[in-house]
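> Show me the folded form of this:
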Amino acid sequence: MPKPRYAQVSLDATPYYHCVSRCVRRALLCGTDISTGESYEHRRQWVEDKLYELANIFAIDICAYAIMSNHYHLVLHINRKQALSLSFDEVISTWHRLFTGNLISQKYCKGHALLKSEMVYLKEKVDCWRTQLMDISWFMRVLNESIARQANAEDHCTGRFWEGRFKSQALLDEAALLTCMAYVDLNPIRAAIADTPETSDYTSIKQRIQQALKPKSIKPNKQLFGFSNLANQNSLEDLPFNFTDYLNLVEETGRILRDDKRGYIHQSTPAILQRLNINSQHWLYLTQNFESQLKGLVGSVHKIRQVCEKLGYKRIPNLRSCASFFT
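Take a look at the predicted model:
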């Protein structure tokens, strides 16, 4: 039986998760409807704007994303440190940016005195809201509900816009994280709707490249989770690898994915593959088939066994597949 969401997401296992949402049946998130010729390209901007808005509200960072014609990919980082650092008042004000809260929280924000019982209740709600601000299920719920309402209003219809709940994969180690991010960033190139990473519209890789080209005097907004500035020095507040290494890796992998070079590994395969013990042939295959070949928990065999023991899994899922690709 499928595991419930709370059993799939564990901060003790990893703060990194790959999430995918797909439109129901023939509905188009973006792109052009072949049967009518109507374009929905503007909806990509809806999703991207909402992503950045929510990243500045939730204690969740965006590592990578790609917005396609009928689905989108996200690689998210749950920022527990940020959530725990929020004060009592900050949690309430942050939650009110998403929802109206309740009568007691509104009363508190207006400076009215609360009864002892009301204060006890509010403290319990604040603890709950703090947890929900670092919950990917709440993040995806707010994102998808907002886009569905806009799309249904534009289409003059009601009903489901998304194909059930979002799918998620836990990225247990650096190799799984790196592979998944490249898989997401290369989506438009694999779909033949972009030629290079810098022309892949509505992807994190294009946004990162544009940001890197800006003058240093222009400070970037808190939108995408940052890379480590120092090689071989991991920080809990950054992605555990260097941006230049990652950019070169995506570029080289994109070149390998060309039709006339399928299956051929370029001599300049980035050294980061060897550092993370990823076989170059496996890397090429996974950056084309990451979502279809790997389900649920993704990482080395040792890491999967360790996490399954913590989560109380009786069966170890995905073990054979991960053993084939991650050493």
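
> is it true that Ile104 touches Val120?
No: using C-beta atoms under 8 Å, Ile104 makes no contact with Val120, being 10.2 Å away. Where C-beta positions appear, they are placed from N, C-alpha and C, glycine not excepted.

> between those two, who's got more neighbours?
Relative neighbour count places Ile104 above the other of Ile104 and Val120, with 17 against 11, counting by other C-beta atoms under 10 Å.

> Which of the helices or strands spans the more buried one?
helix 103-109 (DSSP states H and E).

> Could you pull up the mean pLDDT of that helix?
The average pLDDT for helix 103-109 rounds to 93.

> Now tell me what touches the helix or strand that it is followed by from outside.
Using DSSP H and E, the helix or strand that directly follows helix 103-109 along the chain is helix 116-132. With contact meaning C-beta atoms under 8 Å, 6 or more residues apart in numbering, helix 116-132 is reached by 83-84, 86, 88, 91-92, 94-95, 102, 104-105, 107-108, 114, 138.

> repeat that with 7 Å
Under the contact criterion C-beta atoms under 7 Å, 6 or more residues apart in numbering, helix 116-132 has outside partners 83, 86, 88, 91-92, 95, 104-105, 108, 114, 138.

> Tell me the gap between that helix and the middle of its chain.
28 Å (C-alpha atoms, centre = their mean, to the nearest Å).

> Can you list the buried residues in it?
By neighbour count with 16 or more other C-beta atoms under 10 Å, helix 116-132 contains the buried residues 118, 122, 125-126, 129-130, 132.

> could I get those as JSON lines with pLDDT and distance to Glu48?
Below are the buried residues of helix 116-132 laid out as JSON lines (pLDDT from 0 to 100; distance: C-beta to C-beta, whole Å):
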{"residue": "Glu118", "pLDDT": "93", "distance to Glu48": "40"}
{"residue": "Leu122", "pLDDT": "95", "distance to Glu48": "35"}
{"residue": "Lys125", "pLDDT": "96", "distance to Glu48": "31"}
{"residue": "Val126", "pLDDT": "96", "distance to Glu48": "31"}
{"residue": "Trp129", "pLDDT": "96", "distance to Glu48": "26"}
{"residue": "Arg130", "pLDDT": "97", "distance to Glu48": "27"}
{"residue": "Gln132", "pLDDT": "96", "distance to Glu48": "23"}
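
> Taking those, tell me the two that lie furthest apart.
Glu118 and Gln132 (20.5 Å; C-beta to C-beta).

> Any idea what Leu76 is bridged to?
Tyr17, Ile62 (DSSP bridges).

> circling back to that earlier point, same for the helix holding Ile104, what does it pack against?
Contact analysis of helix 103-109 by 3 or more C-beta pairs under 7 Å, 6 or more residues apart in numbering; DSSP states H and E lists helix 88-96, helix 116-132 as its packing neighbours.

> which phi and psi does Gly37 have?
The phi and psi torsions at Gly37 (degrees, to the nearest 10) take the values phi 80, psi 0.

> burial measure for it, as a count.
7.

> Report the central residue of the chain.
Val75 (2.3 Å; C-alpha atoms, centre = their mean).

> Run a quick check on that residue versus Thr179, I expect a contact.
No: using C-beta atoms under 7 Å, Val75 makes no contact with Thr179, being 10.5 Å away.

> sorry, back to before: any chance of the helices and strands packed on helix 103-109 in TSV, plus distance to Leu213?
What follows is the helices and strands packed on helix 103-109, written out as TSV (distance: least, C-beta to C-beta, whole Å):
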stretch	distance to Leu213
helix 88-96	32
helix 116-132	37
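
> Can you tell me which of these is nearest to Ser321?
Between those, helix 116-132 lies closest to Ser321; by C-beta to C-beta that is 31.8 Å.

> Next secondary structure element downstream of the closest one?
Next in line after helix 116-132, if elements are assigned by DSSP H and E, sits helix 136-155.

> Packing partners of whichever helix or strand comes after that next one?
For helix 136-155, the succeeding helix or strand toward the C-terminus, using DSSP H and E, is strand 167-171. Strand 167-171 makes packing contacts with strand 16-22, strand 297-298 when contacts are defined by 3+ C-beta pairs under 7 Å, 6+ apart.

> Where among those strands is average confidence lowest?
What stands lowest among the helices and strands packed on strand 167-171, in mean pLDDT terms, is strand 297-298, with a mean of 76.

> Tell me how far the following helix or strand past that one lies from the chain's centre.
Of the helices and strands lying after strand 297-298 in sequence (DSSP H and E), the nearest is helix 301-311. Its chain's C-alpha centre and that of helix 301-311 lie 22 Å apart, by C-alpha atoms, centre = their mean.

> JSON lines for the helices and strands packed on strand 167-171, including distance to Ala192 and mean neighbour count?
Putting the helices and strands packed on strand 167-171 into JSON lines (distance: least, C-beta to C-beta, whole Å; neighbours: other C-beta atoms under 10 Å) gives the following:
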{"stretch": "strand 16-22", "distance to Ala192": "19", "mean neighbour count": "22"}
{"stretch": "strand 297-298", "distance to Ala192": "26", "mean neighbour count": "28"}
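
> Cool, thanks, talk later.
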